[in-house]
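**Student:** Predicted model and sequence below, questions to follow.
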Amino acid sequence: MPPGRRKPPAIPRIMVAGTHSGCGKTTVSRGLMQALRRIGLVVQPFKVGPDFIDPTHHTAICGRISRNLDPFMMGEEGVLATFHSASAGADIAVIEGVMGMYDGLEGTSMASTAHVMRILRAPALLVVDVKAMSRSAHAVIKGYRTFEPGINLGGVIFNRVGSPRHRAMIEEGLSFRSLGFIPHTPGLGIESRHLGLKMAFEMEADPLPGTVVLEHCDVDGILEIARSAPFLPAVPVPPPLTAPDVTIGVAQDEAFCFYYQDNLECLGRAGARIKFFSPLRDPLPEANGYYFGGGYPELHAAALERAPCRTEIRSAAEKGIPVYAECGGLMYLCNSLTVGETDFRMAGVLPGSARMTTGIQALGYSEGQWTGGPAMACPGLTIRGHEFHYSAVEPDRDARFTIILHRGAGIREGRDGLTEFQTVGSYTHSYFSQAFAKSLVSAARDLGVI
């Protein structure tokens, strides 16, 4: 740094880590974000891992788009770049962890909460569910503090405390900083379904988590820990490759709602203008290409069948306009979608039929290569993302694929990217590389003549 220039201030940040899934991380994260907003702070939210649902709740609370931080999909520099760019103008960053603090890819630390803590040099709160436990909680805390070097636990929040006597029993052996005792509170959680919690737009705003955190947690102490985080050198964000000259229509409504903000911005840097539309309510807008993300087409299958967009996207695809779809978008572009005993007509762009299943079909990270075919599918280009679905697609016997996975299930036996015309549909929720965004935008520029 040149003489006389002051180092920019560190970004105050706190990780909300947990002992395991279901211990109360999301409740504490939502409550802390609400509490900090109520005292007048600008809060930038983040979520460790590939989850699409928790970030919608963060965004609704904070009024700033929650970003995913996932070292497997993004790389460590990608985590740093997204953290810095998204935190600009915020007073504090609150990061919700994933699963248990040390749970990562295939039993390793990769993409775990602890991994992101090390990348961001972020202190953490450890949420411990103490239902049916008292003194043993201290053994748990000791293990989490000492299991891996380089981990900065600033304090612990005890969740689901049963009574004042239960709290007193825990306090008796306390040897680490306590930042809260949250009592068992009916109605504090979020209703779940087959893909996890309900999305924020499906629920009314609930002020209870923030009230509970303000009443039962040491918010000043949490702020002190967040402000103790050290300076974090910035990683430059790639500049735009070109001025926007291509329009990409992005399906966004109750049926199609799983998107990474980084993907949309990546398309923007590659030269795309984003035009959002609802396949449930809107006619297909004029665009050079289309992107259908994941979501819940099965919950809106009858409305999707009736909507004019269903036949309009088929017509656009037949003309060779590039269309890229993931998971729920893949199902929509198939010939039909079976939900229970009912078959619904879908867009008929891709040669296959989708059906909802009673059990989970795939869950985890996916990785592979594009093999060529449509203009967007540059041979050898790497794809990284994740899969999570309770559905199956039965492709036609002569169906073609453009993605080979060496990690993940895909549509059939590691083959993903069902393709027809200039359309590709995959079960992989991809985190876009700049190279893929450029190839998709280039295909739209060359082929998607409005």
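**Tutor:** Perfect, I can see it now. Numbers count the residues shown, from 1 in each chain.
**Student:** Outline the domain layout of the protein.
**Tutor:** Residue ranges for the domains of the chain, per automatic domain parsing: 13-227, 246-447.
**Student:** Redo those as JSON lines? Include mean neighbour count.
**Tutor:** (C-beta placed from N, C-alpha, C; glycine too.) What follows is the domains of the chain, written out as JSON lines (neighbours: other Cβ atoms under 10 Å):
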{"stretch": "domain 13-227", "mean neighbour count": "19"}
{"stretch": "domain 246-447", "mean neighbour count": "20"}
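**Student:** For residue 240, which of those domains is the nearest?
**Tutor:** Nearest to residue 240 among the domains of the chain is domain 246-447; the distance by Cβ to Cβ comes to 4.7 Å.
**Student:** what is the mean pLDDT for the closest one?
**Tutor:** Across domain 246-447, the average pLDDT comes to 96.
**Student:** Start and end of it, how far apart?
**Tutor:** 11 Å (Cα to Cα, to the nearest Å).
**Student:** try stretch 51-70
**Tutor:** End-to-end distance for stretch 51-70: 10 Å, by Cα to Cα.
**Student:** need the domains of the chain in a markdown table with distance to residue 234, can you?
**Tutor:** Converted to a markdown table, the domains of the chain look like this (distance: least, Cβ to Cβ, whole Å):
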| stretch | distance to residue 234 |
| --- | --- |
| domain 13-227 | 5 |
| domain 246-447 | 16 |
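**Student:** nearest to residue 237, of the ones you listed?
**Tutor:** Residue 237 sits nearest to domain 13-227 of all the domains of the chain, at 5.1 Å, using Cβ to Cβ.
**Student:** end to end, how far does stretch 246-260 reach?
**Tutor:** End-to-end distance for stretch 246-260: 20 Å, by Cα to Cα.
**Student:** I meant to write stretch 332-345 there.
**Tutor:** End residues of stretch 332-345 are separated by 9 Å (Cα to Cα).
**Student:** One more: stretch 117-130?
**Tutor:** One end of stretch 117-130 sits 24 Å from the other (Cα to Cα).
**Student:** what is the mean pLDDT for that stretch?
**Tutor:** Stretch 117-130 comes out at a mean pLDDT of 97.
**Student:** cool, and stretch 52-65?
**Tutor:** 94.
**Student:** from now on call the first residue 270
**Tutor:** Noted, 270 is the first residue going forward, which turns the last one into stretch 321-334.
**Student:** wouldn't residue 565 be in contact with residue 598 here?
**Tutor:** No - using Cβ atoms under 8 Å, residue 565 makes no contact with residue 598, being 11.4 Å away.
**Student:** and for these two, which residues touch both?
**Tutor:** Contact criterion Cβ atoms under 8 Å, 6 or more residues apart in numbering; residues shared by residue 565 and residue 598: none found.
**Student:** so where does residue 313 fall, helix or strand?
**Tutor:** Per DSSP states H and E: residue 313 is located in strand 312-317.
**Student:** Repeat that for residue 385.
**Tutor:** Using DSSP H and E, residue 385 sits in helix 382-389.
**Student:** tally of neighbours for the spatially closest residue to residue 496 that is not a sequence neighbour?
**Tutor:** Once flanking residues are discounted, residue 496 sits nearest to residue 281: 4.6 Å by Cβ to Cβ, 6 or more residues apart in numbering. Residues near residue 281, counting by other Cβ atoms under 10 Å, number 21.
**Student:** Figure out the length between the terminal residues of stretch 659-668.
**Tutor:** By Cα to Cα, one end of stretch 659-668 lies 22 Å from the other end.
**Student:** nearest residue to residue 400 other than its sequence neighbours?
**Tutor:** Here the residue nearest residue 400, using Cβ to Cβ, 6+ apart, is residue 429, at 4.4 Å.
**Student:** what's the pLDDT at the one you found?
**Tutor:** 95.
**Student:** if I pick it, what's in contact with it?
**Tutor:** Residue 429 makes contacts with 293, 398-400, 451-453, as judged by Cβ under 8 Å, 6+ apart.
**Student:** quick one: it is in a helix?
**Tutor:** No - Residue 429: not assigned to a helix; according to DSSP: H, G, I helix; E, B strand; the rest coil it is strand.
**Student:** State the distance from it to residue 485.
**Tutor:** Residue 429 sits 12 Å away from residue 485, going by Cβ to Cβ, to the nearest Å.
**Student:** try residue 448
**Tutor:** From residue 448 to residue 485 the distance is 10 Å (Cβ to Cβ).
**Student:** Which parts of the chain are helices?
**Tutor:** Assigned by DSSP state H, the chain shows helices spanning 294-307, 323-331, 340-343, 345-356, 382-389, 405-415, 433-441, 477-485, 488-496, 530-538, 570-575, 578-587, 597-602, 703-716.
**Student:** closest one to residue 653 among those?
**Tutor:** Comparing those under Cβ to Cβ, the one sitting nearest is helix 340-343, at 5.0 Å.
**Student:** Nice, that's everything, thank you.
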